[in-house]
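# sequence and predicted structure below; questions after.
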Amino acid sequence: MQEPSALFSELQTLATEQRNPRSLAIDAASTREILEIINTEDHKVPIAVREELPYIAQAVDLVVEAFHHGGRLFYVGAGTSGRLGVLDASECPPTYGTPPEMVQGLIAGGPEAVFRSREGAEDVEAHGIRALQDAGVTPADVVCGIAASRRTPYVVGAINYARTLGCKTLYVTCNPRAEFNLDVDVAICPVVGPEVIMGSTRMKSGTAQKLVLNLITTASMIRLGKVYQNMMVDLQMTSRKLVERSRRTVMMVTGLDYEAAARVMEQADGHVKTALVMTLADVSADEARHRLQQTNGFVRPAITGDFSA
């Protein structure tokens, strides 16, 4: 008689692998009923994430500290989790003007796995180690594992290796904190309950992970001075949309009309922060750049000239 494997036994106990009693009849439901069942379950996600805010705050502080010392943030995941890390990392440069290497996403199976599933790529811890080695991870960096089940070998291997280097480590999982047994600096555990379709962690778990990653990088970028009021002011004007968004930002903050905003943006070499300080502090482009340098890129004190803030 064949005995169940250790993996089989482990899957039986994971919160993310349980059957959801509220969707047992979903296969017999109407289209509208299917959508209502899914949507009702989705409402639980932001509540679960909110309960993890104290831990997310700790993670943000570690990431900001690393950034201040030239470190980087690496996301490591497989499947949906890996794709979410790649997505969050890829959106930082156009949104916040960061260099591409500052936030990076590593996915089991390599870049091709972003577009086409490569089952089995996640099953070897050594592959996670190799990914970090190939990326040149150093002790100054933060490594964030993302795995709804927590158990993904590719991610576990990467995190354990990062610890040996002296990196700060984070872990995002959708299983309870009481069952988390990895040695990391901060574990973030939004428990969203069983998926509507058993084991389909691209659903509630994926949504929770996306919210957590958004919180980590958005809060970190705000802490780095890349937002003024509630506007992106370090975005890169790499498309027509971003050029127009930059002008609109200057117009909204300063009250300039379209033509005047375009002129000051030209004088500021396309840099929104410089344009804002020039206009609101009534200084030259050179003085605006100097002030921003003195305030480490924060717009508010650059405008007021309070360099001690």
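Here it is on my side, so go on.

# in the stretch 1-150 of the chain, which spans are strands?
Remark: strands assigned in the stretch 1-150 of the chain by DSSP state E, counting those that start in this stretch are 73-77, 103-107, 142-146.

# mind giving me the domain split of the chain?
Per automatic domain parsing, the structural domains of the chain span 45-223, 227-304.

# show me where this structure has its helices.
With DSSP state H as the definition, the chain shows helices at residue ranges 6-13, 31-42, 44-50, 53-68, 79-96, 125-135, 153-165, 204-223, 240-254, 258-267, 272-281, 285-294, 299-304.

# hmm, back to that, between the strands of the stretch 1-150 of the chain, which gets nearest to residue 128?
strand 73-77 (6.2 Å; CB to CB). No exception for glycine: its C-beta is placed from N, CA and C like everyone else's.

# out of everything not next to it in sequence, what's closest to residue 60?
Distances taken as CB to CB, 6 or more residues apart in numbering place residue 219 nearest to residue 60, at 4.5 Å, with adjacent residues excluded.

# that neighbour is in contact with residue 61, isn't it?
No - the pair residue 219 and residue 61 does not pass the contact test of CB atoms under 8 Å, sitting 9.3 Å apart.

# more neighbours, the two?
Applying other CB atoms under 10 Å to residue 219 and residue 61 shows that residue 219 carries more neighbours, namely 18 against 15.

# could you list which residues are in contact with the more buried one?
By CB atoms under 8 Å, 6 or more residues apart in numbering, the contact list for residue 219 reads 56-57, 60.

# for residue 215, same thing?
Taking CB under 8 Å, 6+ apart as the test, what residue 215 contacts is 49, 53, 56, 60.

# switch the cut-off to 7 Å
Residue 215 makes contact with residue 56, according to CB atoms under 7 Å, 6 or more residues apart in numbering.

# likewise for residue 267?
278, 285.

# again, but for residue 195
Counted by CB under 7 Å, 6+ apart, residue 195 has contacts 16, 20, 201, 203-205.

# dump the helices of the chain to a markdown table, plus distance to residue 233 and mean pLDDT.
As requested, those are arranged in a markdown table below (distance: least, CB to CB, whole Å; pLDDT from 0 to 100):
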| stretch | distance to residue 233 | mean pLDDT |
| --- | --- | --- |
| helix 6-13 | 46 | 64 |
| helix 31-42 | 33 | 97 |
| helix 44-50 | 27 | 98 |
| helix 53-68 | 17 | 98 |
| helix 79-96 | 9 | 95 |
| helix 125-135 | 29 | 96 |
| helix 153-165 | 32 | 97 |
| helix 204-223 | 10 | 98 |
| helix 240-254 | 7 | 92 |
| helix 258-267 | 12 | 94 |
| helix 272-281 | 5 | 96 |
| helix 285-294 | 10 | 96 |
| helix 299-304 | 6 | 95 |
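
# got these as JSON lines, with distance to residue 143 columns?
Listed next are these as JSON lines, based on distance: least, CB to CB, whole Å:
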{"stretch": "helix 6-13", "distance to residue 143": "23"}
{"stretch": "helix 31-42", "distance to residue 143": "29"}
{"stretch": "helix 44-50", "distance to residue 143": "21"}
{"stretch": "helix 53-68", "distance to residue 143": "10"}
{"stretch": "helix 79-96", "distance to residue 143": "11"}
{"stretch": "helix 125-135", "distance to residue 143": "7"}
{"stretch": "helix 153-165", "distance to residue 143": "4"}
{"stretch": "helix 204-223", "distance to residue 143": "13"}
{"stretch": "helix 240-254", "distance to residue 143": "30"}
{"stretch": "helix 258-267", "distance to residue 143": "38"}
{"stretch": "helix 272-281", "distance to residue 143": "30"}
{"stretch": "helix 285-294", "distance to residue 143": "31"}
{"stretch": "helix 299-304", "distance to residue 143": "31"}
